[in-house]
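Based on what follows, work out the 3D shape:
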Amino acid sequence: MRVSSGGSLMRLATLLRSSLLAVTACGSSDSMGSSMSDAQTPPTSGHADIEKWLGDAAYKTWACEPMVHAARSPSPHGFNRICSNDAIATAATGTAAWPKGAAAVKELYDSDTAAAPSGFAVYLKTDASSADGANWYWYERVAPSSGSNGVMADGRGTSGPPKSVCVGCHAGAGMDAAHTPSPGGRDLVYTPVH
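Next up, the predicted model:
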């Protein structure tokens with residue numbers, strides 16, 4: 001590009017700076033570590049962000065089970081109620097893998113008459129491929145005990161509790177005879193709500 005005057009050079013510098021700012025603002029396309037969320041997508045940036053998102057209760061606009069119920073055997077979640085986002089709800093009776101963005105929130109309760117959840121389990125598919133649970137974000141918080149925030153899992157299913165606890169159980173969805181089968185259960189999701 002040929003620049004013939006100082007004014008043109010200034011305009012070019014301004015244009016380049018604006019372009020760089022626009023590209024930088026877009027950030028990475030990787031959804032892990034993102035505090036960006038909306039009503040259909042939980043954040044994946046950790047405990048504080050997801051607890052704020054849960055507190056805002058946007059997930060309660062999703063397809064939710066009508067009432068709290070006992071866990072389906074042998075789930076470790078006790079009394080619970082599951083809510084599925086549109087990505088799961090609209091394909092709940094299908095057989096294909098869930099799309100990127102599929103998410104659910106499981107409200108955890110101390111009893112079937114408890115007025116409010118004592119904890120949450122959340123999962124979000126972060127890539128088109130499940131990669132044996134590695135491309136899912138897993139979060140579980142139970143009622144905090146003294147000196148603990150109650151977080152049992154927080155992260156991708158690649159290592160630690162997200163892999164050993166969450167993926168270790170959910171890997172059998174749709175084919176695990178040990179769990180009460182749910183119509184549409186597959187691809188790491190046992191109970192798709194629609």
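
List the contacts of the spatially most central residue of the chain.
For the chain, the residue sitting closest to the mean C-alpha position, by CA atoms, centre = their mean, is residue 124 at 2.6 Å. Taking CB atoms under 8 Å, 6 or more residues apart in numbering, we find residue 124 in contact with 31, 41-42, 44, 101-103, 136-137. (Each C-beta comes from the backbone N, C-alpha and C, glycine too.)

Just those: which are in strands?
Counted as lying in strands by DSSP state E, out of the contacts of residue 124, are 103, 136-137.

Let's have the residues you listed in TSV, adding neighbour count, distance to residue 91 and pLDDT.
Converted to TSV, these look like this (neighbours: other CB atoms under 10 Å; distance: CB to CB, whole Å; pLDDT from 0 to 100):
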residue	neighbour count	distance to residue 91	pLDDT
103	25	13	97
136	27	16	96
137	26	19	97
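
where do the strands sit along this structure?
Counting by DSSP E, the strands of the chain are 63-64, 79-84, 103-109, 119-125, 136-141, 151-156.

Mind putting these into CSV with distance to residue 56?
Formatted as CSV, the strands of the chain follow (distance: least, CB to CB, whole Å):
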stretch, distance to residue 56
strand 63-64, 16
strand 79-84, 14
strand 103-109, 12
strand 119-125, 13
strand 136-141, 15
strand 151-156, 18
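
Just tell me which of those strands ends up closest to residue 166.
Closest to residue 166 of the strands of the chain is strand 136-141 (CB to CB; 3.9 Å).

now the closest one and strand 103-109, what's the angle there?
20 degrees (axes from the mean of the first three to the mean of the last three CA atoms, to 10 degrees).

what helices or strands is strand 136-141 leaning on?
helix 47-56, strand 119-125, strand 151-156 (3 or more CB pairs under 8 Å, 6 or more residues apart in numbering; DSSP states H and E).

so which of these comes closest to residue 185?
Taking the helices and strands packed on strand 136-141 one by one with CB to CB, strand 119-125 is closest: 13.4 Å.

Now do that closest one against strand 136-141, angle only.
Going by the same axes, to 10 degrees, strand 119-125 makes 170 degrees with strand 136-141.

Pull up the pairing partners for strand 119-125, direction included.
strand 103-109 (antiparallel), strand 136-141 (antiparallel) (DSSP bridges).

how near is residue 43 to residue 137?
For residue 43, the distance to residue 137 equals 9 Å [CB to CB, to the nearest Å].

oh sorry, the question was meant for residue 152
Residue 152 is 14 Å from residue 137, by CB to CB.
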